[in-house]
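A.B. asks: the sequence isn't on hand, but the structure is:
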Ligand code: NAD
């Protein structure tokens, strides 16, 4: 049984309730986790508040803060196997991915932001001869961080590393689906010796625990990653106490393949783009927009390769694909596939769908002859479902790529550098990957256009902007007294 981590102490929830965490690949019970209800949320926020208002953390030598983040990175690396297996068992993601991406990426984030801690600087304005204005960047306060289940450890690190580097305190609520690795992270932070209240990890559903957290008046900022519908609720909560808010939401990434694209790279790029983590990725390349001249050959090559992917036990390092995170999510993805059939998309790859409603092994699915108005081309499926559309020319490609409510990312495939930059500038998305260059880098900001978000995640300048307050001190050097009102 796992407890909540509040004010540097492991504790049960006030009412003693627990939540069962299940392995979606087997249906087996993994663990029980204490549920935080409003009294526990209140304790967590008060602890974060006290640690911010009275504790050492925001006032600590930033070098020391950075050193502690660095130690946390090392401890994550030291427990790589255990953390990777925890996320694999919890959400059905293949162990090759949690080992090779999720855990190393989390460690890299803490290491990278450890280096930011002592580089945060203000400005000095000297606009008048007898006045000097200093602008400080100060830690912002107690932050509520709420994350989804698709990259449990990495999503937690993406929030915590920048928040803590800037000297803030935090209450983290992982998804109720996947709380285990975030609780391990708290264990590691405890071992490093973060002062009590700096990091608090609570657990529970969004509707109960999450809602109580973001509405708490002791919170200064809400930083949220999840569905855009939930993002709207964050904006509502932010009104209470005029909290600052940052939202990282969904996507519907187009992968645009121009006639001069190197197809041998495109095939792997498109497959990874949509089938990595079974499409449960905010930037999943779920819309393949291919020039009509390349359509047949590209689709043939993709189909051949996808059919060779191995799907099965996520703990087996030979498997490329695991299962979806919950039976409920599986049912959502199935509804999108059924709707695609009804709306007239042409199924070119549809494995047998799970017969048992508890079976989460959803097969890779590809629909051809998708049109921009179909539901699978417009909504975020968040599953292993690729929609194939064709375009005639560059203008048509840009129109199709932008014909979507989301704007998180776009992939471009072309060997013409001028075209890549020209099209990149016309796309309404915060991140454009050219020829497969889209990997997450700790120092590169992530912006969402349109329904994909507000504010920036990561990036050093952007982090300072998001997680510190600006304070201006206007200093008069005048030797004469102020003339008015005499
Ligand atoms: P979700 O919005 O259902 O839940 C996300 C988190 O919010 C969970 O911890 C949940 O408990 C909590 N929550 C839900 N309702 C709440 C409420 N009323 N008040 C407070 N908290 C609440 O999202 P999900 O299904 O867990 O995750 C999938 C979504 O996340 C997809 O849309 C995906 O694109 C998005 N995502 C975006 C990014 C990005 O960087 N833009 C990264 C990963 C995932």
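C.D. replies: Everything's here; your move. Just so you know, these numbers come straight off a predicted model, no measurement behind them.
A.B. asks: what about residue 398, how many neighbours?
C.D. replies: Burial of residue 398, expressed as a neighbour count using other Cβ atoms under 10 Å, amounts to 21. In short, each C-beta sits where N, CA and C put it, glycine included.
A.B. asks: ok, it to the ligand distance?
C.D. replies: Relative to the ligand, residue 398 is positioned 22 Å away (criterion: Cβ to the nearest ligand atom, to the nearest Å).
A.B. asks: dihedrals phi and psi, the nearest residue to residue 173 once chain neighbours are set aside?
C.D. replies: With Cβ to Cβ, 6 or more residues apart in numbering as the criterion, residue 173 has its nearest non-adjacent residue at 4.9 Å, and that residue is residue 146. Backbone torsions for residue 146, taken as degrees, to the nearest 10, come to phi -120, psi 130.
A.B. asks: okay, now residue 357: neighbour count?
C.D. replies: A count of neighbours around residue 357, defined by other Cβ under 10 Å, yields 11.
A.B. asks: apart from its chain neighbours, what residue comes closest to it?
C.D. replies: Excluding the flanking residues, the one nearest residue 357 by Cβ to Cβ, 6+ apart is residue 327, at 5.8 Å.
A.B. asks: and the pLDDT for that neighbour?
C.D. replies: Per-residue pLDDT puts residue 327 at 97.
A.B. asks: these two touch, right, it and residue 360?
C.D. replies: Yes. With contact taken as Cβ atoms under 8 Å, residue 327 and residue 360 are classed as touching, separated by 6.0 Å.
A.B. asks: out of those two, which sits in the busier spot?
C.D. replies: Neighbour count, other Cβ under 10 Å: between residue 327 and residue 360, residue 360 has more, with 28 against 17.
A.B. asks: contacts only, for the more buried one.
C.D. replies: Shown here is residue 360, whose contacts under the criterion Cβ atoms under 8 Å, 6 or more residues apart in numbering are 24-25, 92, 323-327, 329-330, 354.
A.B. asks: pull up the residues of the stretch 201-350 of the chain that are close to the ligand.
C.D. replies: Near the ligand, the residues belonging to the stretch 201-350 of the chain are 205-207, 210-211, 214, 225-227, 230, 233, 248-251, 282 when assessed by Cβ under 6 Å from any ligand atom.
A.B. asks: residues near the residue lying closest to residue 291 once chain neighbours are set aside, how many?
C.D. replies: If the residues on either side of it in the chain are set aside, residue 291 comes closest to residue 259, at 4.6 Å by Cβ to Cβ, 6+ apart. Residue 259 sits with 13 neighbouring residues when counted by other Cβ under 10 Å.
A.B. asks: low-scoring stretches of the chain, by residue?
C.D. replies: For the chain, no stretch has pLDDT under 70.
A.B. asks: list the buried residues of stretch 405-422.
C.D. replies: For stretch 405-422, the buried set under the neighbour-count rule, 16 or more other Cβ atoms under 10 Å, comprises 406-414, 419-420.
A.B. asks: now that stretch, how far from the chain's geometric center?
C.D. replies: The chain centre lies 22 Å from the centre of stretch 405-422; the measure is Cα atoms, centre = their mean, to the nearest Å.
A.B. asks: residue 349 against residue 365, yeah?
C.D. replies: Yes. With contacts counted by Cβ under 8 Å, residue 349 reaches residue 365, the gap being 6.0 Å.
A.B. asks: residues touching residue 9, list them.
C.D. replies: Under the criterion of Cβ under 8 Å, 6+ apart, the contact list for residue 9 reads residue 196.
A.B. asks: hmm, 6 Å instead?
C.D. replies: By Cβ atoms under 6 Å, 6 or more residues apart in numbering, the contact set of residue 9 is empty.
A.B. asks: check which helix or strand covers the residue nearest the centre of the chain.
C.D. replies: Of all residues in the chain, the one closest to the mean position by Cα atoms, centre = their mean is residue 155, 4.9 Å from it. Assigning secondary structure by DSSP states H and E places residue 155 in helix 152-165.
A.B. asks: and the angle for the helix or strand following that helix with helix 152-165?
C.D. replies: Elements were assigned by DSSP H and E; along the chain past helix 152-165, the next helix or strand is strand 169-173. The directions of strand 169-173 and helix 152-165 differ by 160 degrees, with axes from the mean of the first three to the mean of the last three Cα atoms, to 10 degrees as the criterion.
A.B. asks: strand 169-173 packs against which elements?
C.D. replies: Here strand 169-173 touches helix 38-53, strand 142-146, strand 199-201, going by 3 or more Cβ pairs under 6 Å, 6 or more residues apart in numbering; DSSP states H and E.
A.B. asks: which one of those lies nearest to residue 130?
C.D. replies: Evaluated over these, closeness to residue 130 peaks at helix 38-53, with 35.6 Å, by Cβ to Cβ.
A.B. asks: buried set for the closest one?
C.D. replies: Buried positions in helix 38-53, judged by neighbour count with 16+ other Cβ under 10 Å: 38, 40-52.
A.B. asks: kindly report the same for stretch 295-304.
C.D. replies: When burial is assessed from 16+ other Cβ under 10 Å, stretch 295-304 yields the following buried residues: 295, 298-299, 301-303.
A.B. asks: can you check stretch 369-385 too?
C.D. replies: 370, 374-377, 379-385.
A.B. asks: which residue ranges of the stretch 251-400 of the chain form strands?
C.D. replies: All strands of the stretch 251-400 of the chain, identified by DSSP state E, counting those that start in this stretch, fall at 254-257, 287-291, 346-350, 365-368, 385-391.
A.B. asks: which other helices and strands contact the last one?
C.D. replies: Spelled out, that is strand 385-391. strand 287-291, strand 365-368.
A.B. asks: helices and strands around the last one, which ones?
C.D. replies: Contact here means 3+ Cβ pairs under 6 Å, 6+ apart; on that basis strand 365-368 packs against strand 346-350, strand 385-391.
A.B. asks: strand partners (parallel or antiparallel) of it?
C.D. replies: If you go by DSSP bridges, strand 365-368 pairs up with strand 346-350 (antiparallel), strand 385-391 (parallel).
A.B. asks: then the longest one?
C.D. replies: Within its sheet, strand 287-291 is paired with strand 254-257 (parallel), strand 385-391 (parallel), according to DSSP bridges.
A.B. asks: residue 103 is in contact with residue 83, correct?
C.D. replies: Yes. Assessed by Cβ atoms under 6 Å, residue 83 is found in contact with residue 103 at 4.8 Å.
A.B. asks: just give me the neighbour total for the nearest residue to residue 337 once chain neighbours are set aside.
C.D. replies: By the measure of Cβ to Cβ, 6+ apart, the closest residue to residue 337 outside its immediate chain neighbours is residue 365, 5.9 Å from it. As a burial measure, residue 365 scores 27 neighbours (other Cβ under 10 Å).
A.B. asks: beta partners of residue 365?
C.D. replies: On DSSP bridges, the residues paired with residue 365 through beta bridges are residue 350, residue 385.
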